[in-house]
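# this one's structure only:
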């Protein structure tokens, strides 16, 4: 049989199209820029900062008894001058904070945020704003965002708690936003049930010297004392809820311990035109600080980000990095500080079970394990990496930056406050201080960054206002004047809306900075076909075009009748 040359060309084009689709898909499944450092801890999230969890904080609200505050940050290293697009939340991602109160490593309370854009720029301007912005809905603010908040308890369906809530915009500068504190105030909302919520830009509250990666501070502790994150901002989501909304059976007196982590989800496949499909998958995860950065090895970092806590104990290579961590060996090699004997069951207690005598660990204290909750059956408990918090520990009158190691039981690793110096705490713990109850003298100075560059607020959402001056400039931006609190009070109705401006939030209140003494699991769950992978996008586009051309009906040409064919019909090849 002789094949029509035009048909041969169509078939060849179709074959190339299918091959291009497959090649584009394989390209898209590969990792992005293979770099990793603090705040950019795994290869895939390093190429997608909008979904990169940077830090999680969980603490009893110091100014509001009976309420817990949860703060999660995303998008690291936001330079204040980074226009014209600045730093929006991703609209094709879902941001979540999860709480486990019964110790099975599965979420019992879930708070879920989704963001939307209101973009009036079109083809008219490149500007973020075209005049001074005095409110979150100012007409001069050409690009702004809103969000919805949903919650689920006990595995039940999600319920809408607020929608159309304004996001505090990126801080452009004093000419564009002369009173940024007012914008913070307007974006801080109170909901029925006493909840307080906030989403927007803030100063990055994490303080540390990131030269730890230069062979642990230069090999002689000479590279310390510089707050690497000073001047940078992050995107913050904060929520404050009553103890009863997160405690097991709503009873924080009997069941005061909760475990918290935060995740980001994206659709499995993203295409360059903005569309996505394939169902949501977890692409980023964070509980305790610095676990993925300096405990999890490079080959497991993407796996950790894709893994739910319930699977942690089933991945031997991951557990081994806790019970036999790399950092103590480096400290011994570089600084001659003897590494504690392994297995490090003290670290397993800190990171995987919570501190409790019921796990038969070496730390003889009952502090923050769900095993200490009265209504938790021991047989259901599952070791997992979570930031655990005992809600019943009284708020410290004089917080110690070293938390539990400094004798302050309300500090890290019992939750995490904004002022907790987690780098110094974890270096001490890795060197064995939790085993002996004594600080390691050789590391007493830590990284010599003991407090944040900006003062934290005295009321919700507590994080400092975003930096307004460029990182490469001297000095900082002037603090905005105080904003008079509103007198409105929250409604007790179940109406869903954007809430009301928090009547207790001033936008300028500040507290002094405190400076006192297994089984398999998918490792790359998202097919990235974004602008960062332009070659893959072009391959996909060509493949789709060729495939669609193949799908068009071929023209029918008359052929000579042969055999038993009806001579009145034509036979397409």
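It's in. For clarity, every value in this text was computed on a predicted model and none was experimentally measured.
# going forward, measure contacts and count neighbours with C-alpha atoms only.
OK.
# Could you report the pLDDT at the nearest residue to residue 325 once chain neighbours are set aside?
Computed as Cα to Cα, 6 or more residues apart in numbering, the closest residue to residue 325 that is not its neighbour in sequence is residue 295, at 6.3 Å. Here the pLDDT value assigned to residue 295 is 80.
# Now for residue 295: which residues touch it?
321-322, 325-327 (Cα atoms under 8 Å, 6 or more residues apart in numbering).
# got it, and residue 107?
Taking Cα under 8 Å, 6+ apart, one finds 98-101, 154-155 in contact with residue 107.
# Inside strands: which ones of those residues?
When the contacts of residue 107 are checked against strands using DSSP state E, the ones located there are 98-100.
# Please indicate which of the contacts of residue 107 has the highest neighbour count?
When neighbours are counted by other Cα atoms under 10 Å, residue 101 leads the contacts of residue 107 with 32 neighbours.
# excluding its backbone neighbours, what's nearest that residue?
With sequence-adjacent residues excluded and distances taken as Cα to Cα, 6+ apart, residue 101 is closest to residue 258, at 4.6 Å.
# so which strand or helix has that neighbour?
With secondary structure defined by DSSP states H and E, residue 258 is part of strand 257-270.
# Would you mind identifying the next helix or strand past that strand?
The helix or strand immediately downstream of strand 257-270 is strand 276-286, counting by DSSP H and E.
# May I see the buried residues of that next one?
The neighbour-count check on strand 276-286 (16 or more other Cα atoms under 10 Å) flags 276, 280-286 as buried.
# What strands flank that strand, and is each parallel or antiparallel?
Strand 276-286 has the following sheet partners, assigned by DSSP bridges: strand 257-270 (antiparallel).
# for the record, mean pLDDT for the partner strand?
The average pLDDT for strand 257-270 rounds to 90.
# can I get the contacts of residue 295 in CSV with distance to residue 210?
Listed next are those as CSV, based on distance: Cα to Cα, whole Å:
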residue, distance to residue 210
321, 21
322, 21
325, 19
326, 17
327, 15
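# which one of the residues you listed has the most neighbours?
Among those, where neighbours are counted by other Cα under 10 Å, the top count belongs to residue 322, at 24 neighbours.
# And it, which helix or strand is it part of?
helix 316-323.
# for that helix, packing partners?
If you count contacts as 3 or more Cα pairs under 8 Å, 6 or more residues apart in numbering; DSSP states H and E, helix 316-323 packs onto helix 345-348.
# Am I right that residue 160 is in a strand?
Yes. Remark: residue 160 belongs to a strand, assigned using DSSP: H, G, I helix; E, B strand; the rest coil.
# So the closest residue in space to it that isn't next to it in sequence: helix, strand or coil?
Distances taken as Cα to Cα, 6+ apart put residue 150 closest to residue 160, at 4.4 Å, once the chain neighbours are dropped. Here residue 150 takes the strand state, with states given by three-state DSSP.
# got the buried residues for the helix holding residue 322?
Within helix 316-323, the residues that count as buried by 16+ other Cα under 10 Å are 318-323.
# got it, and stretch 180-199?
So for stretch 180-199, counting by 16+ other Cα under 10 Å, buried means 180-192, 195-199.
# Quick check: end-to-end length of stretch 207-220?
Start and end residues of stretch 207-220 are separated by 21 Å (Cα to Cα, to the nearest Å).
# got a list of contacts for it?
For stretch 207-220, the external contacting residues (Cα under 8 Å, 6+ apart) are 37-38, 223-230, 330-331, 334-335, 421, 423, 447-453.
# Let's see the ChimeraX selection covering just the buried ones among those.
The ChimeraX command for the buried members of the contacts of stretch 207-220 (criterion: 16+ other Cα under 10 Å) is given here:
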select :38,223,224,225,227,228,229,230,330,331,421,423,447,448,449,450,451,452,453
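# so of the contacts of stretch 207-220, which ones are in helices?
Assignment to helices by DSSP state H places the following of the contacts of stretch 207-220 there: 330-331, 334-335, 423.
# nearest to residue 64, of those?
Closest approach to residue 64 among the ones in helices among the contacts of stretch 207-220 (Cα to Cα): residue 423, at 27.8 Å.
# Now do the same contact list for the closest one.
208, 446-447.
# May I have the residues that are in contact with the residue nearest the centre of the chain?
Most central in the chain under Cα atoms, centre = their mean is residue 53, positioned 2.1 Å from the mean C-alpha point. Residue 53 makes contacts with 39, 72-75, 262-264, 284-286, as judged by Cα under 8 Å, 6+ apart.
# repeat for residue 247
Taking Cα under 8 Å, 6+ apart as the criterion, residue 247 is in contact with 101, 255-258.
# Excluding covalently adjacent residues, which one is nearest to residue 369?
Nearest to residue 369 is residue 354, by Cα to Cα, 6+ apart, at 4.1 Å.
# Could you double-check that that neighbour lies in contact with residue 368?
Yes. Taking contact to mean Cα atoms under 8 Å, the distance of 5.2 Å between residue 354 and residue 368 places them in contact.
# Find residues that contact each of the two.
Jointly contacting residue 354 and residue 368 under the rule Cα under 8 Å, 6+ apart are residue 388.
# more neighbours, those two?
Neighbours per residue (other Cα under 10 Å) separate residue 354 from residue 368, with residue 354 holding more: 34 against 29.
# quick one: that one from residue 259, how far?
The span separating residue 354 from residue 259 equals 9 Å under the rule Cα to Cα.
# Same question for residue 107.
Applying Cα to Cα, one obtains 9 Å for the distance of residue 107 from residue 259.
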